[in-house]
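Engineer: Take a look and give me a structure for this.
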Amino acid sequence: MFKNYFKIAWRNLNRNKFISFVNLFGLTVGICCCLLIGIYILNELSYDRYNKNADNIYRIERTFLNAETGALSLQLGAVAPPFAPLLQNDFKDIKKVTRILDIGTTPIKYEENIFNQKSVYFADENLFKIFDFKVLKGNPATALTNPNTIMLTEETAKKLFGNEDPMNKVVRLNNKLDFKVTGIYDALPENSHWHPQVLLSFNTLKDSAIYGEDNLMTNWGNNAFYTYLLLPPHYNPKKLEAQFPAFQNRHIPASGKFKASDYSTLSLRKLTNIHLYSHTDEELEINGDIKRVYIFSAIALFILLIACINYMNLSSARSVLRAKEIGVRKTAGASKKELIAQFLCESVFITCIAFILALLLTRLGLHSLNELSGQQLSMASLLQWKVLICIILLPFIVGILSGIYPALYLSSFQPVKVLKGVIKKGGGNISFRKALVVFQFAISIILIIATVVVFQQLSYIQNKSLGFDKEHIVTLRNNAGLNNSFQSFKDELLSNSNIKDVALSSRIPSGRLLDSQGSQLDVGNSMSPTKADIKYVVADENFIPTYGIKIVAGRNFSKDYGMDTSSFLINETAVKALGLKSDEDAIGKQFEYGGQKGAIAGVFNDFNFESLHQRIIPLVLYESRSNASNYNNISIKTSGNVSSAIALIESTWKKYLPEIPFEYQFLDDRYAKLYQAEDRQSSIFTIFSCIAIFIACLGLFGLSAFTISQRVKEIGVRKVLGASTGNIVRLISKDFLLLVVIAAVIAFPVAWYVMEHWLQDFAYRIHIGWWVFILAAVIALLIAFATISFQAIKAATTNPVNSLRSE
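Structural biologist: Numbering: from 1, shown residues only. This is a model prediction of the structure:
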């Protein structure tokens, strides 16, 4: 029986080649897009699940509040160092605790081989008891126990030692500390939320010259230690979180009248939720976003639905061609169930062919998707048994979904009426087909609007004035080796005409403003604590001119005032946050910040220090009172020949720091990276949106071609009676174009709601103009008209004698 069904399906494919091609092509592309997006989504959902204890590992996170107002001040994925041992001691439910400290890029040297190594971490010996590492050499239980021991990935070891055995070799870090290699491990998988290339023994930090054991037990302010807990299976983390306020109050000293829990809260985040759900102010690496997963899931579903709708429309529209076949089959004794089974088998057969073609297309398209997404996606993710079941069922589900309406409609024909020719020429429920076309184009118009809005927003954030000049600025990580010779280094650079300014600062624009301390302001001749949450940057007198920041009141730091360490500069937002009447009113006000007293010497213009995802916040600048190590970054403003400037900076760097590899970044490149995720999302979104619109047009093309073929004689008669080509094109097009207009009316509010929600992630954003909706409707109408008019003009220019010859 089924063999017969498939024979008939194959004959119908050959008999109606054009319609079959449209169906097959649409389903192939639709399924391929679903598979590609599915691979991307599966990868996003798989992060950190390679750990056997993934469901029981939690990261402890800390949130700071303004104690006076309760307003959110800072969210961190890391905590202070004392938390780990105290949590282990106070809560017996915690099985293991581990800490890691990210020290970023560090120079590493073995003999004459030296380079800057990224992703260097301090980690304690419990790391391997919580996370799954494949250790190739060394004992994971003891490799990080002793101070000054180091473990390397196999790739890093190869880069450093070549073909030598790295075990027990001594390497030098940052031209200061020696470490003995005690282990080699495989790099963590791509779908991990962190990728350490080098692990240093945490016990090294106990050395007072590096950090100090007392600091590790008493420093509650350095929230840079990522801390992970291993909890028992099926343990409810809320039970532990409920005890955190009392835990903090027990161990953290009160700040004036406020308990620790008044300004600090702790929470637990499941390891497998970090990549998609964690967006704290500082993360180990850039995370994904569950919203992105939802968006691409919706696009995949829309593309597949559009392809299925094409099949429904074309199959039901050409039902008139199969009416007599159905009549004869029913007369010969075929039941309705058998006919439904036959038509469903046909649709499943076509879908299976499309599925095989889609698998081949997916393999070819995966490389392009990897380039667009910046990931290393693989079809191997489809081979998980749960996914494989869904993949095997996919062609059957799509086939049944596509074929169910045509099967039900075709099987409902009454043989007497069919054999007498009493059947509507249009074939199928015309109202239902129109509704499907409206649905298709509503989706297409939503995608057009979304694409335009995404492009507008990205263009806006890339071109918006930031309030300072980011062009021609080279940034370097400062090094302690320059502490005593920085002035000579700077003077040597400035002696060249290609160098305009050189500045020092603790942070540089494009980074996050995470550092804040309490402040007091002179109010009525007495110092009074402020409620303002003010972030700070330690900067020298050259920071303002290097970045082209404007002083709107008062003055910059100046050597005329010695080191000028008793002066503060604040931005315009800080003036408002402090309740001062004007920028000029702030000048000369006595101000205390972080326990350091002075006066406000100047007010600078508001500028976007952080990305445009964040609003401009109150900011204070001050010069370092004592410690040159507060200046973590060097900013160099170049002029003239940039390549000559870079060559000069490099040669000067090597002169003063021969043991530290030279590495630099342009500031505008750093800003571009802030929006890299949005850029990639926009590219992928645009491509899949275009595919969805193309499939919808393909269906409209096939449907209009079939509709016109059923009206050939009508068109011939109209031509004989004097109708022009334009009249006939208008006659045929108007019904379809009306459907597009209805689709636009439905799509507008949906698109507005979705894109307004997306834009809320940006502190600085565009407002969706009315013209975007009109543009989307016009584009959809033009695409639809172009699609239909090709067939309409062809029909209108056909000699009516040929179409009426059989009458």
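
Engineer: any idea which helix or strand of the protein has the worst average confidence?
Structural biologist: In the chain, the helix or strand scored least confidently by mean pLDDT, DSSP states H and E is helix 415-420, which has a mean of 55.

Engineer: Past that one, which element shows up next along the chain?
Structural biologist: Next helix or strand after helix 415-420 toward the C-terminus (DSSP states H and E): helix 430-463.

Engineer: Pull out the buried residues from that following helix.
Structural biologist: By neighbour count on 16 or more other CB atoms under 10 Å, the buried set for helix 430-463 is 433-434, 436-454, 456-458, 461. Heads up, the C-betas are built off the backbone N, CA and C, glycines and all.

Engineer: cool, stretch 85-101 as well?
Structural biologist: For stretch 85-101, using 16+ other CB under 10 Å, the buried residues are 86-88, 91, 94-101.

Engineer: report the longest strand in the protein, please.
Structural biologist: Secondary structure of the chain per DSSP state E: the longest strand is strand 96-110.

Engineer: Number of residues surrounding the nearest residue to Leu700 once chain neighbours are set aside?
Structural biologist: Residue nearest to Leu700 in three dimensions, not counting chain neighbours: Thr787, with 5.0 Å by CB to CB, 6 or more residues apart in numbering. By other CB atoms under 10 Å, 22 other residues sit near Thr787.

Engineer: How about the backbone phi and psi for Thr787?
Structural biologist: phi -70, psi -40 (degrees, to the nearest 10).

Engineer: Quick check, it in contact with Leu703.
Structural biologist: No: contact criterion CB atoms under 8 Å: Thr787 and Leu703 do not qualify, at 9.5 Å.

Engineer: Okay, now the unreliable bits of the stretch 651-800 of the chain?
Structural biologist: 705-706, 709-710, 712, 795-796, 798-800 (pLDDT under 70).

Engineer: could you pull out the strands for the stretch 501-650 of the chain?
Structural biologist: 519-522, 527-529, 535-538, 551-554, 567-571, 590-593, 596-604, 619-622, 633-638 (DSSP state E, counting those that start in this stretch).

Engineer: Out of the ones you listed, which is closest to Pro81?
Structural biologist: Nearest of those to Pro81, taken as CB to CB: strand 535-538 at 21.9 Å.

Engineer: buried sites along the closest one?
Structural biologist: For strand 535-538, using 16+ other CB under 10 Å, the buried residues are 535-538.

Engineer: residue contacts, the residue nearest to Leu700?
Structural biologist: By CB atoms under 8 Å, 6 or more residues apart in numbering, Thr787 lies in contact with 697, 700-701, 704.

Engineer: Narrow those residues to those in helices?
Structural biologist: 697, 700-701, 704 (DSSP state H).

Engineer: Just the buried residues out of these, in PyMOL syntax.
Structural biologist: The following PyMOL line selects those of the ones in helices among the contacts of Thr787 that are buried, judged by 16+ other CB under 10 Å:
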select buried, resi 697+700+701+704
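
Engineer: so Gly554 touches Phe604, yeah?
Structural biologist: No: when contacts are counted by CB under 8 Å, Gly554 is not listed as touching Phe604 (9.0 Å).

Engineer: the more surrounded of those two?
Structural biologist: Counting neighbours by other CB under 10 Å for Gly554 and for Phe604 shows that Phe604 has the greater number, 25 against 19.

Engineer: The residue lying closest to the more buried one once chain neighbours are set aside: neighbour count?
Structural biologist: Of all residues not flanking Phe604 in the chain, Ile549 sits nearest, at 5.1 Å (CB to CB, 6+ apart). Look at Ile549: counted by other CB under 10 Å, it has 23 neighbours.

Engineer: The nearest residue to Val198 once chain neighbours are set aside: what's it in contact with?
Structural biologist: Leaving aside its sequence neighbours, Val198 sits nearest to Val120 (CB to CB, 6+ apart; 4.3 Å). Counting by CB under 8 Å, 6+ apart, Val120 touches 102-106, 108, 173, 196-198, 200.

Engineer: How much space separates Leu580 from Ile617?
Structural biologist: 16 Å (CB to CB, to the nearest Å).

Engineer: again with Asn310
Structural biologist: 51 Å.

Engineer: Which one's more surrounded, those two?
Structural biologist: Higher neighbour count among Asn310 and Ile617: Asn310, with 30 against 20, using other CB under 10 Å.

Engineer: Which residue is the nearest non-sequential neighbour of that one?
Structural biologist: In space, Asn310 comes closest to Gly699 once its chain neighbours are excluded; the distance is 3.3 Å by CB to CB, 6+ apart.

Engineer: Go ahead and confirm that neighbour touches Val22.
Structural biologist: Yes: with contact defined as CB under 8 Å, Gly699 counts as touching Val22 (6.8 Å).

Engineer: what residues are shared contacts of those two?
Structural biologist: With CB under 8 Å, 6+ apart as the test, Gly699 and Val22 both reach 310, 314.

Engineer: hmm, back to that, and which of the buried residues of strand 535-538 is nearest Asn641?
Structural biologist: Of the buried residues of strand 535-538, the one sitting nearest to Asn641 (CB to CB) turns out to be Val537, at 30.2 Å.

Engineer: in stretch 181-193, what counts as buried?
Structural biologist: For stretch 181-193, the neighbour count (16+ other CB under 10 Å) marks 181-185, 187-189, 191-193 as buried.

Engineer: From the chain's centroid, how far away is stretch 124-144?
Structural biologist: 31 Å (CA atoms, centre = their mean, to the nearest Å).

Engineer: Same check on stretch 388-397?
Structural biologist: Using CA atoms, centre = their mean, the offset of stretch 388-397 from its chain centre is 29 Å.

Engineer: Kindly report the same for stretch 488-502.
Structural biologist: Remark: stretch 488-502 is offset 39 Å from the chain centroid, using CA atoms, centre = their mean.

Engineer: With stretch 769-789 instead?
Structural biologist: Worked out by CA atoms, centre = their mean, stretch 769-789 lies 30 Å from the chain centre.

Engineer: again, but for stretch 567-581
Structural biologist: The answer for stretch 567-581 is 34 Å, by CA atoms, centre = their mean.
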